[in-house]
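Novice: generate coordinates for the sequence data below:
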Amino acid sequence: MRAQIGMKDALFLLKPNFHDPALPKQVFFCWHCALLEGVISYYPELERHLLVQRIDWPRPRQPLIDLLGEAHQSLPVLVIGDGRRSPRATGTAQGRDFIADKDGILRELEAHYGIGAQHP
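Specialist: Below is the predicted model:
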């Protein structure tokens, strides 16, 4: 599936229940992605404003390569949509800002989409 952002920000998360060949006979989930899934369940309106893509664990992760290049395949990541910049960006690739840090993603969702802040 090719990522098509258009004017929307895109949040990429790992699908749960993946296998890591380096750790056989175990099933995993990404806890950073699970945290963001929980935020989306608290604020379901986010899915109307964001393109949320859940992708498989194995690399290459083509939707990310298409948007950010091969060097930027770590998840979770929020790719900032066309025509917008973010002061919370952890990087820029192919002309797009992105946030590859769960705390930065949460701060961006709070600042740009108006969700609640994390309680200290």
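
Novice: just the pLDDT at the residue located most distally from the centre of the chain, thanks.
Specialist: The outermost residue of the chain, judged against the average C-alpha position, is residue 25 (27.0 Å), by CA atoms, centre = their mean. We note a pLDDT of 93 for residue 25 in this prediction.

Novice: now it: how far from residue 95?
Specialist: Per CB to CB, to the nearest Å, residue 25 is found 43 Å from residue 95. (Each C-beta comes from the backbone N, C-alpha and C, glycine too.)

Novice: check contacts around residue 29.
Specialist: 14, 16-18 (CB atoms under 8 Å, 6 or more residues apart in numbering).

Novice: okay, now the unreliable bits of this protein?
Specialist: When residues are selected by pLDDT under 70, those of the chain lie in 1-7.

Novice: what ranges does it have for its helices?
Specialist: 31-42, 46-49, 62-68, 102-113 (DSSP state H).

Novice: so which of these gets nearest residue 82?
Specialist: Taking CB to CB as the criterion, helix 62-68 is the member of the helices of the chain that comes nearest to residue 82, at 11.1 Å.

Novice: what is the closest one packed up against?
Specialist: On a contact count with 3 or more CB pairs under 8 Å, 6 or more residues apart in numbering; DSSP states H and E, helix 62-68 meets strand 9-14, strand 50-55, strand 77-79, strand 96-99.

Novice: in it, what's buried?
Specialist: 63-65, 67-68 (16 or more other CB atoms under 10 Å).

Novice: same thing with stretch 29-41?
Specialist: Buried residues in stretch 29-41, counted by 16+ other CB under 10 Å: 30, 32-33, 35-37, 39-40.
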